[in-house]
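Novice: Pasting a predicted model and its sequence here:
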Amino acid sequence: MGTGRFAVPLGIRIGVEPAKAMADIAQKRGIEVYKAKAEKLPFDDSSFDFVLIVVTICFVQDPIQALREAKRVLKPGGYLIIGMIDKESFLGKLYESKKKESKFYRHANFYSTRQVLDWLKNFEFEHIKTCQTIFKNPKKITAIEPVKEGHGEGGFTVISAQK
Amino acid sequence: MKHELMEILCCPMCKGDLVLTVDEEDDKEIIKGSLFCGKCNEHYPIEDGIPNMLPPDLRE
């Protein structure tokens, strides 16, 4: 979850973060945080109504195992929400080209929305929906970007999938 | 860490139940203590209110 920057405005109360410095900040922001990895969650089966994985799938070592764990801890009928930079989009290509210069993104492995959707289908998630935003270079954005259904045009995809 | 979260907490490796030991707590949460998995014979420390649920080989 990093520092909880996205979790707090989205109303997420519980999260995992393996790095102490980040976990400490998330805790100060009021999140119930556990030092743990997405691939080895310390939560019982069927514990959560929602699992949020935002700008994280590119940083985990084993995204398939992270999705398997996300499904395990979801209650039946619960939703997994993934927010990600689409590797095949202009934004994915921009991040990919600048990745070596960035302290954080040099460790990133970006994936295409299509790839993540395939994984979700293999795990038999249902009612999979996508929406997208960020249609131009972030440096040129001056107002909140629109949100459109589907994926393939925007640099940032949000996927909703039901267990 | 809040007491009520014990309900959903499990060992990250075997997913079995954990036994909580509290060394220090305030009116809201557990500040220091440990979580023990009998099956894996593994202790997960709670420090500064944050349980360290990383498998032993991944700890800092």
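Specialist: Alright, I've got the coordinates.
Novice: Every contact and neighbour count from this point should use C-alpha atoms.
Specialist: Will do.
Novice: Tell me if I'm right that A:Phe123 and A:Arg68 touch.
Specialist: Yes: A:Phe123 is within contact range of A:Arg68, at 7.2 Å (criterion: CA atoms under 8 Å).
Novice: mind listing the strands for chain B?
Specialist: Residue ranges of the strands in chain B, as given by DSSP state E, are B:19-25, B:30-37, B:42-47, B:50-51.
Novice: and the ones you listed, which is most packed in?
Specialist: Of all those, strand B:50-51 has the most neighbours on average by mean count of other CA atoms under 10 Å in any protein chain shown, namely a mean of 22.
Novice: residues in contact with the residue nearest in space to the middle of chain A?
Specialist: By CA atoms, centre = their mean, chain A has its centre lying nearest to A:Val54, at 2.5 Å. Residues near A:Val54 by CA atoms under 8 Å, 6 or more residues apart in numbering or on different chains: A:Met1, A:Phe6, A:Ile81, A:Ile82, A:Gly83, A:Met84.
Novice: What's the per-residue pLDDT of B:Glu60 here?
Specialist: Per-residue pLDDT puts B:Glu60 at 66.
Novice: Write out the residues of chain B neighbouring chain A.
Specialist: B:1-2, B:8-13, B:15, B:50-54 (CA under 8 Å from any CA of the partner chain).
Novice: What values do phi and psi take at the residue nearest to the centre of chain A?
Specialist: Main-chain torsions, A:Val54, degrees, to the nearest 10: phi -120, psi 130.
Novice: Low-confidence bits of chain B, can you list those?
Specialist: Scanning chain B with the threshold set as pLDDT under 70 gives B:60.
Novice: Look through it and state the residue closest to chain A.
Specialist: Closest residue of chain B to chain A, CA to the nearest CA: B:Pro12 (4.1 Å).
Novice: how many neighbours does that residue have?
Specialist: As a burial measure, B:Pro12 scores 21 neighbours (other CA atoms under 10 Å in any protein chain shown).
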